[in-house]
Structures are given as C-alpha cells and as structure tokens.
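Visitor: sequence unavailable; structure follows:
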C-alpha cells in the first residue's frame, strides 16, 4: 500500500444525515482502501448529531474527529454551509486521540488532559500534535500552554478553534459518534512520515508601539497608562461612545493589534472583540502586562502573499518528499478581509503544494501553531494565533 492515501468529499444535502454519508463516502471512494482516520468539518447549518451519524454510517470503523466551523475549505476551494471530510489510510502513521473536558472551568487543565491521554495511549512516541479547540468557552492560549505542560515546551502543535458560522453562540467538536461542547481534542501522530508547517498572517504595523501597562487575561485596560481604547480613538478620530456602540470587532478584522513576541520576526496578531465604557478592550486571546502592541492593517494582496509564503515554508520542511495531504486552519477574519478574493488564497497555497493534492480545512475562531513556522525541536514555540493562516502538510 502507498504509505499515505487521502481523499476529500463534500455535501450540502438538506438532509444532514445524508450530507454526512455523501461527504464521507466520496472521500473513502477516492482512496480505495479502508480508512484509518476521517477528519470532518461542518457548518452548524446542518444538524450536528444527524450529520455525524451520517459520517459514522459509512466510516467503516475509522477514527472520526472534527469540529464545527465558519466556512469549509477543500481541494476545489472555499465553500459555506457544507460538511467536508478527508479520509486517510496509512500503514505508516498511527493516530491517537485524547480529549480534555470542561474547558470553561480550567482551560489549561483541559489542554493538559487531552495531551496526557494521547501520550498514554500512543503506541510509540508521537512527533506531531493536531489540536481542535472549543471555539468560545475557554482561553485558547491557556489550552496551548496545557498541551505544552504535557508534551514539552518546544513540541510542534498545529490546529484550529471551532466556529459556528459567525454566530458566536456555540461551537462543537466531534469524536467518533459524539458531538461535544466545552471540549478540546488532541490527535498525536506517530510513525514514519514527513511533515511541514507554514504559519503567516501578512498584516503590517501602522501605529507606534505601545506598552500594555494594565491587563487582566484577555482584557487590555491601559496602554501607555491611558485607557486602551485610545489606540483606536487616536487613529480613527472616533469618540469612545461610537467605538463601544458599533462592535469594534467589525473594524478590528482589518485593524487588529500586533503583539511583540520573543524569538519571532512577525508580530503575533490579537483580535479585538469588544470595548466598554471604561475604555477597556477585550481580545480573543490573552495579552500579558508589559508586552508591546501596535495597531496593524490588513490588506487582501498581502494576506494572499502570506499564504503563498506559508506554503513555501511547509514544502521546504518536507525535504523533497511529495505532499500527500494538506490541512488549512485559516482565521475567519481572513475570510471577512478577503471577501470575493477568498479562493485566491487557497489557489496561492495550491500553486506551491500542488493543485491535485487532497486539501481540507476550515475557517477558525483562532489558530494554534509554531511561531514563524519553526519546528526545530529545541526552539519551536507553539502559541495561540488570530488572523493567521496555518498549514500542515503530510508527506
């Protein structure tokens, strides 16, 4: 058997169970072998339990994992309102799954539990960890630190946080026949295979650096000892009331904050979600006191260029081995920024990695990946990202 066989299917059948069956069957038909793993991403427009039942109906006993999303990505490009599935058959790769529950109570603990379960169950030492996170109830950065507490500080982690079609109400992860909420899934990969990651955003700094003088978790209270909201007031000349009334997130897709991170040439993007009367801004990830942030500007052409460079980085890490599967964890803010150019980003990736290589992915509420695509086991630093395209290529 070819060491890795992959196929991708999709469906938007109004009957959610049939949609699951169709997407999964198409994927399996392409590999012509019994699958080891089925990876599933689905719109919440489809009844989640029925869709997953449909996947299970035809999965031939394969391990099933996945999550809800805010748009699906497949070899043919970007779609909405679908369920998409990738079937993987391999005699070289072993997949081991771990779960972490009650993310809202203790995000760090949930991440650590998922990783510890993978380590305990894996038949041999794992070399890569894929994460699918609860998208709304927890602290993504703390979950990643929990993974690292079990896996080691420099372990390569890549994945995305579940979405719900931009509703921001409830997101789901899938494991076998269970639709779960408030849960994190980790998948450890062990065996003899090649892989590469690419991580880039393409946003550029436009404002001067400001010091976070007061923060608490994801809430920035003060920048340079002034109310944090002033970073937007000063730039846009808008009064605080306007920025509070009109959800600041709509503007922050294009103008997020960039945070300086040790050992990274690219600033780490932090999404701004809401502002309040005190001039505090709440972000999609925690921002540490003492760190330096800048206002950033997103531009569609630079975002597409960033995706191309991420693909080049991933390909270079394969060391000449042919890609067999591409996973794309792409922030939903990029979906908003690119609009009608959405498929140009996917094409830029495929122009580098190959148009025929089976590709699956989704638009996320946050990404997990090594800073600067660095997978060196002595210096790799996996963190929680926003507004970033993260690629994993298996060979």
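Guide: Noted; the coordinates are in hand. Just so you know, these numbers come straight off a predicted model, no measurement behind them.

Visitor: what ranges do the helices span in this structure?
Guide: 16-31, 48-58, 107-121, 140-151, 230-236, 240-245, 249-252, 300-317, 332-338, 342-353 (DSSP state H).

Visitor: among those, which is nearest residue 223?
Guide: Nearest to residue 223, of all those, is helix 230-236, at 5.6 Å by C-beta to C-beta. Glycine gets a C-beta too; all of them are placed from N, C-alpha and C.

Visitor: these two touch, right, residue 345 and residue 389?
Guide: Yes. With contact defined as C-beta atoms under 8 Å, residue 345 counts as touching residue 389 (7.0 Å).

Visitor: between these two, which one's more packed in?
Guide: residue 389 (31 against 28; other C-beta atoms under 10 Å).

Visitor: give me the distance between residue 359 and residue 150.
Guide: 30 Å (C-beta to C-beta, to the nearest Å).

Visitor: between those two, who's got more neighbours?
Guide: residue 359 (27 against 21).

Visitor: which ones are touching the nearest residue to the more buried one once chain neighbours are set aside?
Guide: Of all residues not flanking residue 359 in the chain, residue 326 sits nearest, at 4.1 Å (C-beta to C-beta, 6 or more residues apart in numbering). By C-beta atoms under 8 Å, 6 or more residues apart in numbering, residue 326 lies in contact with 349, 353, 357-361, 391-393.

Visitor: I'd like these as JSON lines, with distance to residue 177 appended.
Guide: What follows is the contacts of residue 326, written out as JSON lines (distance: C-beta to C-beta, whole Å):
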{"residue": "349", "distance to residue 177": "32"}
{"residue": "353", "distance to residue 177": "33"}
{"residue": "357", "distance to residue 177": "30"}
{"residue": "358", "distance to residue 177": "24"}
{"residue": "359", "distance to residue 177": "26"}
{"residue": "360", "distance to residue 177": "20"}
{"residue": "361", "distance to residue 177": "23"}
{"residue": "391", "distance to residue 177": "29"}
{"residue": "392", "distance to residue 177": "25"}
{"residue": "393", "distance to residue 177": "29"}
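
Visitor: and which of those is nearest residue 106?
Guide: residue 392 (27.3 Å).

Visitor: isn't that closest one right up against residue 158?
Guide: Yes. Judged on C-beta under 8 Å, residue 392 makes contact with residue 158 at a distance of 4.9 Å.

Visitor: any common contacting residues for those two?
Guide: The contact sets of residue 392 and residue 158 overlap at 128, 130, 197, 327, 329 (C-beta under 8 Å, 6+ apart).

Visitor: quick one: residue 329 and residue 365 touch, right?
Guide: No. With contact defined as C-beta under 8 Å, residue 329 does not reach residue 365; the gap is 10.7 Å.

Visitor: who touches both of those two?
Guide: In contact with both residue 329 and residue 365: residue 160, using C-beta under 8 Å, 6+ apart.

Visitor: nearest to residue 188, of the helices of the chain?
Guide: Per C-beta to C-beta, nearest to residue 188 of the helices of the chain: helix 107-121, 3.9 Å.

Visitor: and the closest one with helix 140-151, angle?
Guide: Counting by axes from the mean of the first three to the mean of the last three C-alpha atoms, to 10 degrees, helix 107-121 lies at 30 degrees to helix 140-151.

Visitor: so where's the stretch 51-200 of the chain uncertain?
Guide: Of all residues in the stretch 51-200 of the chain, none has pLDDT under 70.

Visitor: at which residues are the strands of it located?
Guide: 63-68, 72-74, 77-79, 83-90, 93-100, 128-133, 157-161, 173-175, 178-180, 184-191, 195-200 (DSSP state E, counting those that start in this stretch).

Visitor: let's have those in TSV, adding mean neighbour count and distance to residue 6.
Guide: Below are those laid out as TSV (neighbours: other C-beta atoms under 10 Å; distance: least, C-beta to C-beta, whole Å):
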stretch	mean neighbour count	distance to residue 6
strand 63-68	24	14
strand 72-74	26	12
strand 77-79	17	17
strand 83-90	28	5
strand 93-100	22	11
strand 128-133	26	14
strand 157-161	27	17
strand 173-175	23	18
strand 178-180	17	24
strand 184-191	24	14
strand 195-200	26	13
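
Visitor: next, format these as TSV and append distance to residue 261.
Guide: Below are those laid out as TSV (distance: least, C-beta to C-beta, whole Å):
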stretch	distance to residue 261
strand 63-68	26
strand 72-74	27
strand 77-79	29
strand 83-90	31
strand 93-100	25
strand 128-133	19
strand 157-161	16
strand 173-175	27
strand 178-180	31
strand 184-191	23
strand 195-200	12
